[in-house]
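K.L.:
Here is the input, now give the coordinates:
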Amino acid sequence: MSGVLVRIPTPLRRITNGQAKVEMSGPSVGAIIDGLESEFPGMKERLMDESGELRYFVNIYLNGEDVRFLEGIGTGT
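P.N.:
The predicted structure is shown next:
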């Protein structure tokens, strides 16, 4: 399993202590989000809604493809 470079948008950088990019590892987008939450508490609630889906204004891309058109948060990394 290789690392994934996660680019953090400006409004969320206060959670990552100003970091614009972080490297995470995980088998899926959901696992990466869980890793972000573990390292940066509060991140997951900003990315996902109460039903466990990506918030409508959150866009996550993997290799230029919107994960909503792949397998959502189950998309493999």
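K.L.:
Find the nearest non-adjacent residue to R46, please.
P.N.:
Distances taken as Cβ to Cβ, 6 or more residues apart in numbering put L12 closest to R46, at 6.3 Å, once the chain neighbours are dropped. In this view, the C-beta of every residue, glycine as well, is placed from N, C-alpha and C.
K.L.:
Verify the stated contact: E23 with I8.
P.N.:
No: in this structure E23 lies outside contact range of I8 using Cβ atoms under 8 Å: 11.4 Å.
K.L.:
Those two: who's more crowded?
P.N.:
Ranked by neighbour count (other Cβ atoms under 10 Å), E23 and I8 place I8 first, with 18 against 10.
K.L.:
That one: what's it in contact with?
P.N.:
15-16, 19-22 (Cβ atoms under 8 Å, 6 or more residues apart in numbering).
K.L.:
and the most centrally placed residue in the chain, what does it touch?
P.N.:
Residue closest to the average C-alpha location in the chain (Cα atoms, centre = their mean): I33, at 4.3 Å. Counting by Cβ under 8 Å, 6+ apart, I33 touches 43-44, 47-48, 73.
K.L.:
since we're on E71, how many residues are nearby?
P.N.:
E71, neighbours per other Cβ under 10 Å, totals 13.
K.L.:
Quick check on it: phi, psi?
P.N.:
When read as degrees, to the nearest 10, the backbone of E71 gives phi -120, psi 30.
K.L.:
what bits of the chain have low per-residue confidence?
P.N.:
By pLDDT under 70, the weakly predicted segments of the chain are 1-2.
K.L.:
Tell me which stretches of the chain form helices.
P.N.:
29-39, 43-47 (DSSP state H).
K.L.:
burial of D49, as a residue count?
P.N.:
11.
K.L.:
who touches the closest residue to it other than its chain neighbours in this structure?
P.N.:
Take D49 and drop its neighbours on the chain: the residue closest to it by Cβ to Cβ, 6+ apart is R55, 5.3 Å away. Applying Cβ under 8 Å, 6+ apart to R55 gives the contacts 46-49.
K.L.:
One more: G64?
P.N.:
Contacts of G64 by Cβ under 8 Å, 6+ apart: none found.
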